[in-house]
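Trainee: Pasting a predicted model and its sequence here:
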Amino acid sequence: SDYSRTDAAPSIGPDHHDGLRYPGPDAPFYLATGNEIAVFETCHARGLPVMLKGPTGCGKTRFVEHMAWRLGRPLVTVACHDDLSASDLTGRYLIRGSDTVWLDGPLTRAARHGALCYLDEIIEARQDTVVVIHPLTDDRRVLPLDKTGEILDAAPGFQLVISYNPGYQHGLKDLKPSTRQRFVALEFAFPSPELEAEIVEHESGIERDRAIALVTLTNRLRQLGDRGLAEVPSTRLIVAAARLVAGNIPVRAACHAALLGPLTDDPELLAAMHDLVTSTM
Ligand code: ADP
């Protein structure tokens, strides 16, 4: 329904206000793997929306957080799912006591405040939800709010960013050409072994040699991808394994728990991957 009752005040953390996350003093750590920072900055300066394509756990979210910091803009993140409605993005009337008040949704808030709006896994959202972003992606940069009659001009600094994982099976879902052709696409892949080891070292605090060993193992596991893994192990999983190792969990146990378990339930595949762990680590 477009009307919902709430008496709960929105939770506001130290760097949160009104659903906007303002960048802190320190840059979120992001290791660039190409010219993505320059392309994104140029898109931001020229009002072009951006699509981040790539597998899960390869640094897309971290990149957006880093760019929000660089550009000094607040960030609004929405995790998309198939129940997400247009009103969830734009806003709705709420009944508070005897009053009816309009509450901006995250997209509206971002447009009003010149924030970066990150729609994560956009493909999970229904097409009738996705179309509400269209008017923000053309030269007019407006957001028509049907329920209030307002036609909101996006504030300077506003930028739409969507992410999308092309390798993952989405069933019948796909992004419509009429949507995807509105975005500049930045392609993300897993970093080269050297860069990936540097990321793992930084994110976990383990020694360089151990980071390299984990990355080498993971790249072997990635080659098993065509043996029935839905997704190959990501940088995120290596970081998780490395954090267990940093917490004194023995390395093989850490690999099993953080690197293999999350990938599959298939006993044969798990056994094959486990063999690789014991012969490598
Ligand atoms: P995605 O949004 O693509 O699913 P994330 O941005 O959440 O992935 O990345 C997962 C984790 O991997 C991050 O929390 C970070 O620890 C690490 N990571 C991946 N790529 C990078 C990178 N280029 N620079 C810094 N950290 C990275």
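Mentor: The structure has been received and is ready for your questions.

Trainee: okay, CA-based contacts and neighbour counts for the rest of this
Mentor: OK.

Trainee: where's the spatially most central residue of the chain relative to the ligand, distance?
Mentor: With distances taken as Cα atoms, centre = their mean, residue 61 lies nearest the centre of the chain, 3.7 Å away. According to Cα to the nearest ligand atom, to the nearest Å, residue 61 and the ligand sit 4 Å apart.

Trainee: and residue 59, what does it touch?
Mentor: Contacts for residue 59 (Cα atoms under 8 Å, 6 or more residues apart in numbering) come out as 30, 188, 235.

Trainee: Flag the shaky bits of the protein, pLDDT-wise.
Mentor: 1-18, 169-172 (pLDDT under 70).

Trainee: Find the residue closest to residue 216 in space, skipping its chain neighbours.
Mentor: Leaving aside its chain neighbours, residue 216 sits nearest to residue 193 (7.3 Å; criterion: Cα to Cα, 6 or more residues apart in numbering).

Trainee: measure that neighbour to the ligand for me?
Mentor: Applying Cα to the nearest ligand atom to residue 193 and the ligand gives a distance of 12 Å.

Trainee: correct me, but that residue touches residue 217?
Mentor: No. The pair residue 193 / residue 217 is not scored as a contact, 10.5 Å apart, by Cα atoms under 8 Å.

Trainee: Have a look at those two and say which one is more surrounded.
Mentor: Ranked by neighbour count (other Cα atoms under 10 Å), residue 193 and residue 217 place residue 217 first, with 20 against 16.

Trainee: Three-state assignment for the more buried one, please.
Mentor: The three-state label given to residue 217 by DSSP: H, G, I helix; E, B strand; the rest coil is helix.

Trainee: quick one: contacts for it?
Mentor: So residue 217 contacts 276-277, 280-281 (Cα under 8 Å, 6+ apart).

Trainee: Over to residue 179?
Mentor: Per Cα under 8 Å, 6+ apart, neighbours of residue 179: 130-131, 134.

Trainee: What is the nearest of those to the ligand?
Mentor: residue 130 (19.5 Å; Cα to the nearest ligand atom).

Trainee: got a list of what the closest one touches?
Mentor: 86, 122, 179 are the contacts of residue 130 under Cα under 8 Å, 6+ apart.

Trainee: and it, that's in a strand?
Mentor: No. Counting by three-state DSSP, one finds residue 130 to be helix, located in no strand.

Trainee: Among the contacts of residue 59, which one has the most neighbours?
Mentor: Highest neighbour count within the contacts of residue 59, by other Cα under 10 Å: residue 235, with 23 neighbours.

Trainee: Give me the distance between it and residue 21.
Mentor: Distance, residue 235 to residue 21, by Cα to Cα, to the nearest Å: 25 Å.

Trainee: what about the helices in the stretch 1-150 of the chain?
Mentor: 36-46, 60-71, 86-90, 106-113, 127-130, 134-137 (DSSP state H, counting those that start in this stretch).

Trainee: Would you mind writing the CA trace of the fifth one as PDB?
Mentor: Extracted in PDB, the C-alpha atoms of helix 127-130 (Å, rounded to 0.1, in the frame of the first residue of the first chain):
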ATOM      1  CA  GLN A 127      10.600  -3.200 -14.700                       C
ATOM      2  CA  ASP A 128       7.700  -1.000 -13.500                       C
ATOM      3  CA  THR A 129      10.000   0.100 -10.600                       C
ATOM      4  CA  VAL A 130      13.100   0.600 -12.800                       C
END
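
Trainee: Great, nothing more from me.
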